[in-house]
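Peer 1: Predicted model and sequence follow; I will ask about them next.
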Amino acid sequence: MKNSQANNPNILAKAIVKWRIALQQSALSTPPLRQRSANQFRGWLALFSVALITSATSTRAQTVNPATALAESTLKAVVTMPDHTITNGVTLTPDAKRIFMVIQRQDGQDALPEVAEYANGALVPFPNAAFSQYHAGDDASNKFVHVNAVRFGPDGTLWAVDVGHGIGEQNTITHAAKLIGFDLATGTVTHAFYFDSVIHKNSFVDDVRFAGEYAYLTDAGRPGLIVLHLTDGAMYRALDKDPSTTALRPVFAAGHAAITDKGGLFYFHADQLEVTPDGKTLYFEPASGPVSAIDLPYLNDAALSDAERATHVSEHAEIGSTGGSAIDAQGNMYATDVNRGGIVKILPNGKVIPLLSDPKLLHWADALWITADGTMWIPVPQLDRTPGLHDGTSAVRFPVMIYTTKIDVGPSPIDHQ
């Protein structure tokens, strides 16, 4: 009798995924980032897949910068998300008395707000309920379509990054992808920057950081950065499809490769980014690492070619798959380790050390936030358990939690107050 599995295309596809995973895990032994290219990597992938088919019988978790000991967990549960809701990002007012968050709406949750204030255990839509109720044919310029990040800027403005579509979808709506700034006291829009001129159909405008008159955003769908001049609204792409902004390996979580709802490996390009406290350097990375660095003058000069910019990019730190990051007043960058369930600290010299580990509680921790009293806020959305990254099915263990831990140093002053 024929093996029924051999004729099942879904099982065959998953087998191929496993073979590719084995090769991806060997990527950490390849030469430094600037010595290889995305095309080279894809070439190696094709060349050695056949050999791996016969040799790869098991996989090991992607591991970078292993530590002999990890700090004990000092996590404190501070927010229990209500009603099967998921947040991947939290931001607080300087006095830490008001909490705002982005809500990752799932199927059947269209009535939920995209951005909300968490107050008395409930989600209060910000700036109002109508702003989150976009429907096909609406003017997207004054409504949220799909927000991925929310944060206070250095001047107290509350900013929201609207991707304009969900993961796996494309940009088809005018003014959907945008950066919106709000006055917290009135809830009115004070800034609106639309990215129609600098995005592609597969773009996923992901997150933002600020330095003086500039804002920098990552595009996780079409590898690259977006440089925005806040004063006049001029914007352009930088390091487009550069190896530093391109995911050369897939995202791993809890020892396994994240699998999309289409059954493939999950590659998420330029994602996390941070500006050093002196305002001189940008750190940035794909979700699967590594962290690269470039001095800001090379980004701020619109006349420079990407070929020239690329010569000024250096590899700052080698880390594995990451959900979110933050930077403190001393220039230390923090990144969640979604593969091992922890948080690492990246020193200004690029050395990576473990901050804490709790695989049970920190199952895909995401966008971090540091308050003035040296407290780190850690939302844990379990994104790899959501259908989009869990082969089309949900395995989220509700309720979703937000934790805090003390790091005893405040945020970078040019990032937020």
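Peer 2: Received, thanks. Numbers count the residues shown, from 1 in each chain.
Peer 1: Do you have the helices of this protein handy? List them.
Peer 2: In the chain, the helices defined using DSSP state H lie at 9-25, 38-55, 296-300, 306-310.
Peer 1: Lowest mean pLDDT across those, which one is that?
Peer 2: Sorting the helices of the chain by mean pLDDT places helix 38-55 lowest, at a mean of 36.
Peer 1: thinking residue 178 is in contact with residue 191, fair?
Peer 2: No. Between residue 178 and residue 191 there is no contact under Cβ atoms under 8 Å: 9.9 Å. The way it works is simple: take the backbone N, C-alpha and C, and place the C-beta from them, glycine included.
Peer 1: For these two, indicate the residue with more neighbours.
Peer 2: Each of residue 178 and residue 191 has its neighbours counted (other Cβ atoms under 10 Å); residue 178 has more, 23 against 16.
Peer 1: partner residues bridging that one?
Peer 2: residue 162, residue 194 (DSSP bridges).
Peer 1: For it, which residues are in contact?
Peer 2: Residue 178 sits next to 140-141, 162, 164, 192-195 when contact means Cβ atoms under 8 Å, 6 or more residues apart in numbering.
Peer 1: pLDDT at it, what is it?
Peer 2: 98.
Peer 1: contacts for stretch 106-116?
Peer 2: Residues contacting stretch 106-116 (Cβ under 8 Å, 6+ apart): 84-86, 100-103, 105, 123-127, 129, 131-133, 144-147, 150, 160, 162, 386-387, 394.
Peer 1: Filter the residues you listed down to the ones in strands?
Peer 2: 100-103, 123-125, 147, 150, 160, 162 (DSSP state E).
Peer 1: Could you find which two of the residues you listed are furthest from each other?
Peer 2: The largest separation in the ones in strands among the contacts of stretch 106-116, counting by Cβ to Cβ, is between 124 and 162 at 19.2 Å.
Peer 1: So which of those two has more stuff around it?
Peer 2: Neighbours were counted for residue 124 and for residue 162 using other Cβ under 10 Å; residue 162 has more, 27 against 13.
Peer 1: surely that one meets residue 144?
Peer 2: Yes. Contact criterion Cβ under 8 Å: residue 162 and residue 144 qualify, at 5.6 Å.
Peer 1: shared neighbours, these two?
Peer 2: The contact lists of residue 162 and residue 144 share 114, 180, where a contact means Cβ under 8 Å, 6+ apart.
Peer 1: ok, back up a step: so which of the contacts of residue 178 comes closest to residue 257?
Peer 2: Nearest to residue 257 out of these is residue 164 (Cβ to Cβ; 27.2 Å).
Peer 1: quick one: that closest one from residue 115, how far?
Peer 2: 15 Å (Cβ to Cβ, to the nearest Å).
Peer 1: Same question for residue 341.
Peer 2: 28 Å.
Peer 1: Now tell me which helix or strand of this protein has the poorest mean pLDDT.
Peer 2: Least confident helix or strand, the chain: helix 38-55 with a mean of 36, by mean pLDDT, DSSP states H and E.
Peer 1: need the strands for the stretch 101-250 of the chain, in chain order.
Peer 2: 115-119, 122-125, 147-152, 158-162, 178-182, 189-194, 205-211, 214-219, 224-229, 235-238 (DSSP state E, counting those that start in this stretch).
Peer 1: Nearest to residue 92 among those strands would be which one?
Peer 2: Nearest of the strands of the stretch 101-250 of the chain to residue 92, taken as Cβ to Cβ: strand 147-152 at 7.5 Å.
Peer 1: Contacts for the closest one, please.
Peer 2: In contact with strand 147-152 (Cβ under 8 Å, 6+ apart) are residues 88-89, 91-94, 100-103, 114-115, 158-163, 204-208, 367, 369, 416-417.
Peer 1: and the end-to-end length of stretch 362-382?
Peer 2: For stretch 362-382, the first-to-last residue distance is 8 Å (Cα to Cα, to the nearest Å).
Peer 1: buried set for it?
Peer 2: Residues 362-371, 375-382 are the ones in stretch 362-382 that count as buried (16 or more other Cβ atoms under 10 Å).
Peer 1: gap between residue 95 and residue 329?
Peer 2: Counting by Cβ to Cβ, the gap from residue 95 to residue 329 is 18 Å.
Peer 1: Chain neighbours aside, what residue packs nearest to the residue minimising distance to the centre of the chain?
Peer 2: The centroid of the chain falls nearest to residue 271 when counting by Cα atoms, centre = their mean (4.4 Å). Nearest non-adjacent residue to residue 271, counting by Cβ to Cβ, 6 or more residues apart in numbering: residue 287, 4.3 Å away.
Peer 1: and residue 397, how many neighbours?
Peer 2: Residues lying near residue 397 (other Cβ under 10 Å) number 10.
Peer 1: Enumerate every residue touching it.
Peer 2: Contacts of residue 397 (Cβ under 8 Å, 6+ apart): 363, 382, 385.
Peer 1: so what's residue 222 up against?
Peer 2: Taking Cβ under 8 Å, 6+ apart, one finds 199-200, 202-204, 240-241, 269 in contact with residue 222.
Peer 1: roughly how far apart are residue 90 and residue 388?
Peer 2: In terms of Cβ to Cβ, residue 90 sits 21 Å off from residue 388.
Peer 1: out of residue 95 and residue 329, which sits in the more crowded spot?
Peer 2: residue 329 (16 against 10).
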